[in-house]
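Peer 1: predicted structure and sequence below. I'll ask about it afterward.
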Amino acid sequence: MTPPVATTAFTEQALPTWRRAVLKVGSSLLAADGGGLSPRHALGLAQFVSASLAAGREVVIVSSGAVAAGRAIVPKVVEAGAPMAARQALAALGQAQLIGLWQRFFERPVAQVLLTHDDLRNRRRYLNARATLNELLRLGTLPVVNENDTVSVDELKLGDNDNLAAIVAALVDAEVLFIATDIDGLYTANPRTDPTAHPVHEVAAVTQEAFAMAGGTGSAVGTGGMRTKLEAAAKAASAGIETVLFNGTRGDTVGALAQGRLVGTRLLASRTRLAARKYWLRHVPPVPGRLVVDDGALRALRDRGASLLPGGVAGIEGDFARGDMIEIANGDTTVARGVTQYSAADVRRIAGRRSHEIDALLGYHYGESVVHRDDLVLLVDPIDSK
């Protein structure tokens, strides 16, 4: 009896609408056969990014490849599976090569951003990283993010750039996470070993059934396989971000992305991006500190969806640091909660003053608002406009 033949062709579908995205590119797409980095697949991905930028969109690239690049510089010094310090040394050697590879494709400046798990689990440093990435995008640069392997240790490592990309997508409020891989998308089984495997075009939720379809690491130069991509998609979905998986080695597939067409797998978000963020803001435990606002600030927050400016702060209770979740009250009633851009000591110095005075009062500033509206959730309903 002839065994069943796998249906391996993905059919074309529409991409989700997006304004800002994160593109994750793995080592398998950048590593050259003889060692080092190759522009072979990176060129097509760069053309997709350029077309997106020309259309007025914004892109952050999360790129692996530093260790592979470093290994080509000193190929006989360190072998695969070497101690962490050796991997860190290779990353230090290869990082400049990796940024140089991406810079050659773009006329605009490419900015290197290195992050560790500790940067992203510490709320203050998370906020600083987000501010930096947003400013880089505002300046019209192309941020290229990688894990900071040079200083990472086992307990701080993110483990793979798929999960890093999901965290960065939430960090910059992206609408979609693109994951370029060397396979066409998610299959019901490993299509390289199972002839009955067939493509999965859409995943409504990343369940254990979806994980059961995923295999292990698919590349000798990468650290992640399909399972880590599903883990990343689950993280992104919880933040209201869709994920798309596609084959970055196929020029026609990459070219279709610029036309709003996907040949691959679309993993849907569990809720809207705004709803996911508001849910997070509402449920993150606050620190024992709060701001008391005047009636004018309350109306601005409640009726206009405004940010909390220093001029509206009438009192500060307790102690808190920049990046802490704090409560916002009017009188004795808690009306909102949000992530503060300034510490309690700073707010005491700028309370009641105008935003343009912050720099003169503190000698620095993190923006004109004490709590930005994107980092704030109301606990009271807006006033009925009738």
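Peer 2: Ah, there it is.
Peer 1: only C-alpha atoms from now on, for both contacts and neighbour counts.
Peer 2: Will do.
Peer 1: center of the protein, which residue is that?
Peer 2: With distances taken as Cα atoms, centre = their mean, Val168 lies nearest the centre of the chain, 1.7 Å away.
Peer 1: in space, what's closest to Leu93 - neighbours in sequence excluded?
Peer 2: Counting by Cα to Cα, 6 or more residues apart in numbering, the nearest residue to Leu93 once its immediate chain neighbours are dropped is Gly70, at 4.9 Å.
Peer 1: extract the CA atoms of the helix or strand hosting that neighbour and return them as CSV.
Peer 2: For Gly70, the host element (DSSP states H and E) is helix 66-73. C-alpha atoms of helix 66-73 as CSV (Å, rounded to 0.1, in the frame of the first residue of the first chain):
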residue,chain,number,x,y,z
ALA,A,66,26.3,37.3,16.7
VAL,A,67,27.7,34.1,18.1
ALA,A,68,27.8,32.5,14.6
ALA,A,69,29.6,35.6,13.3
GLY,A,70,32.1,35.5,16.1
ARG,A,71,32.8,31.8,15.6
ALA,A,72,33.9,32.6,12.0
ILE,A,73,36.4,35.2,13.3
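Peer 1: give me the low-pLDDT residue ranges for the stretch 1-150 of the chain?
Peer 2: Under the criterion pLDDT under 70, the flagged ranges of the stretch 1-150 of the chain are 1-8, 34, 76-83, 121, 150.
Peer 1: tell me where it has helices.
Peer 2: For the stretch 1-150 of the chain, applying DSSP state H, counting those that start in this stretch gives helices covering 27-30, 42-54, 66-73, 84-103, 117-121, 123-138.
Peer 1: make TSV out of those and add distance to Gly225 and mean neighbour count.
Peer 2: Output for those, formatted as TSV (distance: least, Cα to Cα, whole Å; neighbours: other Cα atoms under 10 Å):
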stretch	distance to Gly225	mean neighbour count
helix 27-30	11	25
helix 42-54	19	18
helix 66-73	17	25
helix 84-103	20	20
helix 117-121	20	16
helix 123-138	26	17
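Peer 1: CSV for these, including distance to Asp303?
Peer 2: Below are the helices of the stretch 1-150 of the chain laid out as CSV (distance: least, Cα to Cα, whole Å):
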stretch, distance to Asp303
helix 27-30, 49
helix 42-54, 35
helix 66-73, 49
helix 84-103, 45
helix 117-121, 33
helix 123-138, 26
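Peer 1: on that earlier part again, residues in contact with the residue nearest to the centre of the chain?
Peer 2: Neighbouring residues of Val168 by Cα atoms under 8 Å, 6 or more residues apart in numbering: Val22.
Peer 1: after whichever strand or helix holds it, which helix or strand is next?
Peer 2: Per DSSP H and E: Val168 is located in helix 161-171. The helix or strand immediately downstream of helix 161-171 is strand 176-181, counting by DSSP H and E.
Peer 1: show me what that following strand is packed against.
Peer 2: strand 20-25, helix 161-171, strand 242-247 (3 or more Cα pairs under 8 Å, 6 or more residues apart in numbering; DSSP states H and E).
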